[in-house]
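J.: Got a sequence here, can you model it:
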Amino acid sequence: NIYLLDGVKVTDELFNNLVINPSVDSIQEFKIQKSMYAAEFGGKASALINVATKAGSNTFQGSFFEFHRNDAFDSPNYFHPKDQRIPPLRQNQYGGALGGPVLADRTFFFGSFEGTRLRPSLTRTFSVPTAAGRAGEFAGVAPICDPLTIPTTGGCAPVADNQIPAGRIDPIAAAFLESVPLPSSTVAFQNLTSVEESTRDLDQLSVRFDHRLTDTDQIFARFSTFDADELQPFGTSTLQESIVPGFGRSLTTKTRNLVASHTHVLG
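T.: Numbering: from 1, shown residues only. The predicted model follows:
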């Protein structure tokens, strides 16, 4: 896709998504064109999303909004155990916009701000080694091959009593497993159910100035910022990974976008 904001491309060419996500209250109009759009918008084979932001006028106009969610208002999931609390959830989206004149009939401004504070709880299941398996004890499972016997016997003999000697356990693996949670159930696979909190903080700001030089000449400038800080305890579906609890990742995004335009009407 191609994303345009006030005629300027705001497309991340690496992940093919938009880098400036304008607040709804700052959008004047938008247009989506599919496949057979004009040659001036060439470059991508799918869709063109073209957004124009609002400009100020001779009257002061503004808005304010707040959207809130909280697990205190949620009913339990049908499959949720009745003796356990609902996983925590906090979501706040707030912001506002204001536009008006700087010089009547000549110069106008428009600004908007939107902030998001999201704290959802995510639930995932994993297959992790048991305490016995971490100590090298594998009684009751298929015989474990001892690779050190291959050079002398030409075959792979099982280790005694299916017990890997403590000195043969790799110290790096042992150190890693110290940070991996133990199973939460006794089943063989998918034996860990983990609930972790994800965080997402977004702030976006946009300021626009319009000035009418003459009846046939107009200029405008807009500056926009988009900052995001995310903690993803299990990774993200974007990269299709599933990270074991305790090894989440953080993602920081900072975007600055500056646009200046001069429009002249010839006739």
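
J.: Just give me the residue right at the centre of the chain.
T.: What sits nearest the mean C-alpha location of the chain, by C-alpha atoms, centre = their mean, is residue 230, with 6.5 Å.

J.: So which elements touch the helix or strand hosting that residue?
T.: If you go by DSSP states H and E, residue 230 is part of strand 217-232. Packing partners of strand 217-232 (3 or more C-beta pairs under 8 Å, 6 or more residues apart in numbering; DSSP states H and E): strand 199-212, strand 249-264. Where C-beta positions appear, they are placed from N, C-alpha and C, glycine not excepted.

J.: mind listing what's buried in the last one?
T.: I take that to be strand 249-264. Buried residues in strand 249-264, defined by neighbour count with 16 or more other C-beta atoms under 10 Å: 255, 257, 259.

J.: May I see those organised as a markdown table, with pLDDT added?
T.: Supplementary listing: these in a markdown table, determined by pLDDT from 0 to 100:
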| residue | pLDDT |
| --- | --- |
| 255 | 93 |
| 257 | 94 |
| 259 | 95 |
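
J.: Make CSV from the residues you listed and add distance to residue 104 to it.
T.: Converted to CSV, those look like this (distance: C-beta to C-beta, whole Å):
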residue, distance to residue 104
255, 34
257, 29
259, 25
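
J.: and which of the residues you listed is nearest to residue 103?
T.: Ranked by distance to residue 103 (C-beta to C-beta), those are led by residue 259 at 21.3 Å.

J.: Beta-bridge partners for the closest one, please?
T.: Judged by DSSP bridges, the bridge partners of residue 259 are residue 222.

J.: Assess the claim that it and residue 6 are in contact.
T.: Yes: contact criterion C-beta atoms under 8 Å: residue 259 and residue 6 qualify, at 5.2 Å.
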